[in-house]
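K.L.:
Sequence and predicted structure are below.
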Amino acid sequence: MSRDPFTRSSSSLTDTIITIVRSRYIGYILFLGIMFAKLMFLHSGLHAPNIDMNRLDKLIALGSVMLLSFWVLWLPRRGQTIALSIINVLLTLLIYSDIVYYRYFQDFITVPVLFQAGQMDALGGSIFALLRPSDLYLFADWLLFMVYALCIVLFRWNTDTNNNRQPSYYARTSHFRPSSRLMRVLKRSANGVVALVLGSILTFGPIHSYATTWAKGLFTGNWWSLAMYNVTGLIGFHGYDIYLYAKDHSGLQPELSQKEASSMKLWFNEQNAEQSALNDSFGKYSGSNIVVIQAEAFMNFVVGRSINGQEVTPNLNALIKENTYFSDYYHQTSQGRTSDADFASNGSLYPLVSGSVFVRYPDHQFDTLPAILKSKGYSTNAFHAYEGSFWNRQIMYKAMGYDHFYSKKDFKIDEPLGWSLGDKSFLRQSLNIMDSKESIQKPFYSFLTTLSSHHPYSLPADKQGLETGEFKGTIFGDYLQAVHYTDEALGELVSDMKQRGLWDNTILAFYGDHDNSIQETSYYEQFLGKSLSKLDMHQIMHQVPLLIHLPGTNVSIVDANPAGQMDLTPSLLHLLGISRDPYYLMGNNLFSGKERLVTLRTGAFADAKRSYLPSENGQFDSGTCYSQGSREAIDVAGCSTGFETSKQRLQISDDIMKYDGIKMLRKEESTP
């Protein structure tokens, strides 16, 4: 009895679906398409200017996935399914981790960052605040895979039922064809090789084209992660990062050549000669105590601003009226964030492109402020009311020359707030220790790191002293509350120092460590009441306040020339009358009266006349040069000298890290 047309049509469609499902390569093709879509999803969420996903970039993305998975085609069908599932899960988790990490750090995860992964538990609230409902799209294919797996199971069950579980044709005839299995293996091998070759062409062809034209020098220069990603794609970025890490830790790393060492030594000699200044301020405050406060995410745009008639930072504003304030002060941090600010300020060197110096090179030799002051008879101490292992502080602080590190275990948690202890109690207890003759001898150097204004800036209602109006309930409003609270803590500390008689014999420096990771321009425009240019936003996100109190002075000095965190140590040494000549410090002396060039880890820089913002693609000509006076873009050639100078500085600093350069230079100094 013949079937009707509808039945025949349905049967034909079913047969087609079954044929597709039975195809050995449908799973691999689906895998390539899905992972390519996920890489596109990541790219669309970066919102990085000057980084467009053109056709060649898409070929790199597809080719990279093929290079990562070509070997799967060598496996039997069941092995393919399992292997593709594992790669999918791992690669999806990597992509999503990069997405979340980028939202906070504007960077990608690297191998050194993974060694800091133990710190992620403490970031719970911050990480949760970075999640988006749309992120679920990244995992939608897992549901699709379950449907696909179900189809396979149903197909096999249907086949077994229809054939009454009879042996397949292959099983019944394979003993007549002994070469059949070998042919299948050879075919799988050939297909895997084809995928490998095709993936290599799609990946390395465009990368080679980029690296020999506009991206020349990519793999030898000091480019930042976004520039590398723009050329290699995400998978290529991580592959090259793994290669660099393995190379650095293989034990085969070559030493700094004699020529490079001599060039480095010459640069430091010239820098020391240029920045040394025997003016009236040199040694004027010799023997003074020094207290340095590094305030969490304390940015410069809030200074002097009010909201609903309330000053956001009233205590800092009052201090500016009778002390020295650097209004164009840049944080110079990278992936190490707070630890980078700490290292730049106390070590006067640039942070790393990848990871934190505190984690990667705690055994290397550096000329740090606490070590220098300790050699001059100072008691040197660090204070931070959190776990001593965070950012590897308990190891690094000992290497930096601190006599003692007061961590969370040394404080009474009588004001629990945010991550640990509230800033008010933290500063009060720290001052008690500093003023105790049994604990610390004078003169002393004390380095304090606050914590209450940390992302996501959630303060209890009784700690919120501002009426934030239209920002109430937003992360920006929460940020304003947090810095207002830290400002109150600063005011209480200063008042306490005056009552104890410490104010008149102590240099106090207060600065912010890095930005607040709130990237939405609309918040700042609404708060400041004006539209903001690209240069405006760059400066907002990279400038932090620096206030320096000098004993016996009450005159307001506002220095509007560019300065950076690396300048702090050379400047404090100058005030104490300690020559920088024997030390390897890259920063400027803020009291020399000379013009300054400030370079950021990204390659951006600023001096008194120009600011340069690099393009994410790493090309000098694609960057933008601005006039500081008109704040308008000018011919990029006007920034070429500063660009080359900045490039040289970054390279020297990186060589010091990579080769333990200061130890090597000191060894040469001691060799007759």
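P.N.:
Looks like it came in fine.

K.L.:
elements contacting the top helix by length along the chain?
P.N.:
Taking DSSP state H as the criterion, the chain has its longest helix at helix 180-211. Helices and strands touching helix 180-211, as assessed by 3 or more CB pairs under 8 Å, 6 or more residues apart in numbering; DSSP states H and E, comprise helix 55-69, helix 225-248. Glycine gets a C-beta too; all of them are placed from N, C-alpha and C.

K.L.:
Just the buried residues of the shortest one, please?
P.N.:
Of the residues in helix 55-69, those buried by neighbour count under the rule 16 or more other CB atoms under 10 Å are 57-69.

K.L.:
next SSE after it?
P.N.:
Remark: after helix 55-69, the chain's next helix or strand is helix 77-105, criterion DSSP states H and E.

K.L.:
Any idea how far that next one is from the middle of the chain?
P.N.:
21 Å (CA atoms, centre = their mean, to the nearest Å).

K.L.:
Give me the buried positions along it.
P.N.:
Across helix 77-105, burial judged by 16+ other CB under 10 Å covers 80-81, 83-84, 87-88, 91-92, 94-105.

K.L.:
just the angle between the longest helix of the chain and helix 55-69, please?
P.N.:
Comparing the axes of helix 180-211 and helix 55-69 via axes from the mean of the first three to the mean of the last three CA atoms, to 10 degrees yields an angle of 140 degrees.

K.L.:
for helix 180-211, what is the average pLDDT?
P.N.:
Averaging pLDDT along helix 180-211 yields 88.

K.L.:
do stretch 296-311 as well
P.N.:
98.

K.L.:
Residue 206 is nearest to which of the helices and strands packed on helix 180-211?
P.N.:
Set against residue 206 and scored by CB to CB, the helices and strands packed on helix 180-211 come closest in helix 55-69, at 4.0 Å.

K.L.:
which stretches of the stretch 451-600 of the chain form strands?
P.N.:
Remark: strands assigned in the stretch 451-600 of the chain by DSSP state E, counting those that start in this stretch are 506-512, 546-549, 557-559, 563-564, 598-599.

K.L.:
re earlier: can you give the distance of the longest helix of the chain from its chain's centre?
P.N.:
For helix 180-211, the distance to the chain centre is 35 Å (CA atoms, centre = their mean).

K.L.:
do stretch 73-89 as well
P.N.:
With CA atoms, centre = their mean as the basis, stretch 73-89 stands 34 Å off its chain's centre.

K.L.:
just stretch 289-298 next, same as before
P.N.:
Put simply, stretch 289-298 sits 21 Å off its chain's centre (CA atoms, centre = their mean).

K.L.:
cool, and stretch 238-254?
P.N.:
Counting by CA atoms, centre = their mean, stretch 238-254 comes out at 19 Å from the chain centroid.

K.L.:
now swap in stretch 464-474 and tell me
P.N.:
Distance of stretch 464-474 from the chain centroid (CA atoms, centre = their mean) equals 29 Å.

K.L.:
what do you get for stretch 255-264?
P.N.:
29 Å.

K.L.:
in it, what counts as buried?
P.N.:
Applying a neighbour-count criterion of 16+ other CB under 10 Å, one finds 256, 260-261, 264 buried in stretch 255-264.

K.L.:
From those, which one has the minimum pLDDT?
P.N.:
Among the buried residues of stretch 255-264, residue 256 has the weakest pLDDT, 80.
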